[in-house]
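Student: sequence and computational prediction follow.
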Amino acid sequence: MPGPAREGPPAGGPVPEGLAVIDKEAGWTSHDVVARSRGVLGTRKIGHSGTLDPDATGVLVLGVGRATRLLRFLTALGKEYTGQVVLGAATNTLDSSGDVTDTYDMAGVTAAEVAEAAFRFVGDIEQVPPMVSAVKVGGRRLHEIAREGGEVDRSPRPVTVYQFDVAPADEPGVYDVVVACSSGTYVRTLAADLGEALGGGAHLRNLRRTAVGSFTLADACPLESPVLLPMSEALRDLSCVVVDEATAVDVSHGKPMAAEALGLQEHSDLVGPGPWPVLGPDGSLLAVYEPHGDRSGQVKPAMVLAPTP
């Protein structure tokens with residue numbers, strides 16, 4: 001684990017805000033990272049856009065200050081991972097952190113068979129959430145029930161796998177994998193299901209998240225030295241619209257308006273369900289707008305970030 005956190009901004013200094021992309025180390029929960037970041041950055045107003053397993057490493061996106069209000073727009077972004085699938089052993093957590101529950105002789109499985117089986121999981125599929133997960137059933141998180149030795153029925157959930165590439169690793173029966181998927185996809189469930197599809201069992205190890213939307217490891221920093229991206233960068237995966245000074249005043253006051261007034265009709269790339277980040281003439285993020293219910297051609301603020309004069 002990293003050493004003691006450095007001190008945050010001095011008392012009375014500016015309150016930090018923006019997006020911090022952290023390269024999480026193994027052994028830390030996402031909550032641990034948030035707690036440590038509060039000391040590093042000197043503010044308690046920090047949250048994350050999506051849980052990353054304690055044993056996993058890689059991209060964890062934090063919202064700091066007012067940017068915490070934007071995190072809900074980031075949770076639905078697609079994710080990308082690398083890792084390794086180990087054939088021949090199933091575990092109670094579906095990854096290497098758990099106890100082996102069953103072993104299988106899968107020495108005869110070929111690389112071509114593994115690739116063919118993996119390809120069948122590409123597209124829209126349904127997954128049963130693992131017991132060791134944060135999904136709630138009956139008001140309780142599954143991992144809490146699992147810690148008590150319990151197990152409950154879980155309903156399958158629709159997810160989309162855009163990419164599931166496999167290649168033999170240096171170790172027999174181990175395959176390097178690259179996965180691109182929708183939010184809510186469990187890569188360890190993919191690994192376990194792949195093992196079952198091959199007539200045996202498997203588990204995941206060395207999971208590393210390489211991207212959340214367009215936020216990649218190239219953006220990521222160590223926990224002890226985060227770099228805050230500006231608020232306008234937080235929603236860079238959404239189509240933004242820049243308004244003039246007069247419209248910026250209305251936007252800053254959270255005024256509902258015609259989509260045409262935001263310029264949505266002028267940009268074909270902005271046509272769609274939204275939401276749309278709205279930037280002022282100086283490029284600062286003023287608000288996020290969305291369709292106004294069933295009022296055709298009208299939009300309203302999902303949230304306003306600009307201070308009201």
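Tutor: On my side now, so go ahead.

Student: measure the most centrally placed residue in the chain to A202 for me?
Tutor: When C-alpha atoms, centre = their mean is applied to the chain, the residue found nearest the centroid is G50 (4.4 Å). For G50, the distance to A202 equals 24 Å [C-beta to C-beta, to the nearest Å]. Every C-beta, even on glycine, is put in place using the N, C-alpha and C of the backbone.

Student: how about M106, secondary structure?
Tutor: coil (DSSP: H, G, I helix; E, B strand; the rest coil).

Student: could I have stretch 45-58 exported to PDB, CA atoms only?
Tutor: Provided in PDB are the C-alpha atoms of stretch 45-58 (Å, rounded to 0.1, in the frame of the first residue of the first chain):
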ATOM      1  CA  LYS A  45     -16.200  16.100  -0.900                       C
ATOM      2  CA  ILE A  46     -14.900  13.200  -3.000                       C
ATOM      3  CA  GLY A  47     -16.700  10.200  -4.600                       C
ATOM      4  CA  HIS A  48     -16.000   7.600  -7.300                       C
ATOM      5  CA  SER A  49     -17.800   6.800 -10.500                       C
ATOM      6  CA  GLY A  50     -17.800   3.000 -10.100                       C
ATOM      7  CA  THR A  51     -16.500   0.300  -7.800                       C
ATOM      8  CA  LEU A  52     -13.300  -1.600  -8.700                       C
ATOM      9  CA  ASP A  53     -12.600  -4.900  -6.900                       C
ATOM     10  CA  PRO A  54     -10.000  -4.700  -4.100                       C
ATOM     11  CA  ASP A  55      -7.700  -7.100  -5.900                       C
ATOM     12  CA  ALA A  56      -8.100  -5.300  -9.200                       C
ATOM     13  CA  THR A  57      -5.800  -2.500 -10.300                       C
ATOM     14  CA  GLY A  58      -6.200   0.400 -12.800                       C
END
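
Student: and that stretch, how far from the chain's centre?
Tutor: The chain centroid and the centroid of stretch 45-58 are separated by 8 Å under C-alpha atoms, centre = their mean, to the nearest Å.

Student: same check on stretch 231-242?
Tutor: For stretch 231-242 - counting by C-alpha atoms, centre = their mean - the centre lies 17 Å from the chain centre.

Student: cool, stretch 29-38 as well?
Tutor: Distance, stretch centre to chain centre, for stretch 29-38: 16 Å (C-alpha atoms, centre = their mean).

Student: show me what contacts V212?
Tutor: Shown in contact with V212 (C-beta atoms under 8 Å, 6 or more residues apart in numbering): 49-50, 59, 61, 74, 77-79.

Student: if we go to 6 Å?
Tutor: 59, 61, 77, 79 (C-beta atoms under 6 Å, 6 or more residues apart in numbering).

Student: of these, closest to T103?
Tutor: K79 (30.2 Å; C-beta to C-beta).

Student: re the thing from before, so who does the residue nearest to the centre of the chain touch?
Tutor: T75.

Student: which pLDDT value belongs to it?
Tutor: If you check G50, the pLDDT there is 85.

Student: that one belongs to a helix, doesn't it?
Tutor: No: under the criterion used here (three-state DSSP), G50 is coil, not part of a helix.

Student: for it, give its distance to L228.
Tutor: If you go by C-beta to C-beta, the gap between G50 and L228 works out to 19 Å.

Student: please parse this protein into its domains.
Tutor: 18-77+214-231, 79-212, 241-304 (automatic domain parsing).

Student: would you tell me which one of those is buried the most?
Tutor: Greatest average neighbour count among the domains of the chain goes to domain 18-77+214-231 (a mean of 19), per mean count of other C-beta atoms under 10 Å.

Student: can you name the next helix or strand after the helix or strand bottoming out on mean pLDDT in the chain?
Tutor: Least confident helix or strand, the chain: helix 142-147 with a mean of 60, by mean pLDDT, DSSP states H and E. Next in sequence after helix 142-147, counting helices and strands by DSSP states H and E, comes strand 157-168.

Student: so after that following strand, what's the next helix or strand?
Tutor: Counting by DSSP H and E, the next helix or strand C-terminal to strand 157-168 is strand 174-181.

Student: what packs against that next one?
Tutor: For strand 174-181, the packing partners by 3 or more C-beta pairs under 6 Å, 6 or more residues apart in numbering; DSSP states H and E come out as strand 79-87, strand 157-168.

Student: returning to what we had before: give me the distance between the residue nearest to the centre of the chain and A192.
Tutor: Applying C-beta to C-beta to G50 and A192 gives a distance of 21 Å.

Student: could you measure from A259 over to A246?
Tutor: Noted for A259: a distance of 17 Å to A246, by C-beta to C-beta.

Student: in helices only, show me the contacts of V212.
Tutor: Using DSSP state H, no member of those sits in helices.

Student: okay, the residues you listed in CSV with pLDDT and distance to D170 next?
Tutor: Formatted as CSV, the contacts of V212 follow (pLDDT from 0 to 100; distance: C-beta to C-beta, whole Å):
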residue, pLDDT, distance to D170
V59, 97, 26
V61, 97, 32
L77, 93, 33
K79, 97, 26
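
Student: right, I'll leave it there.
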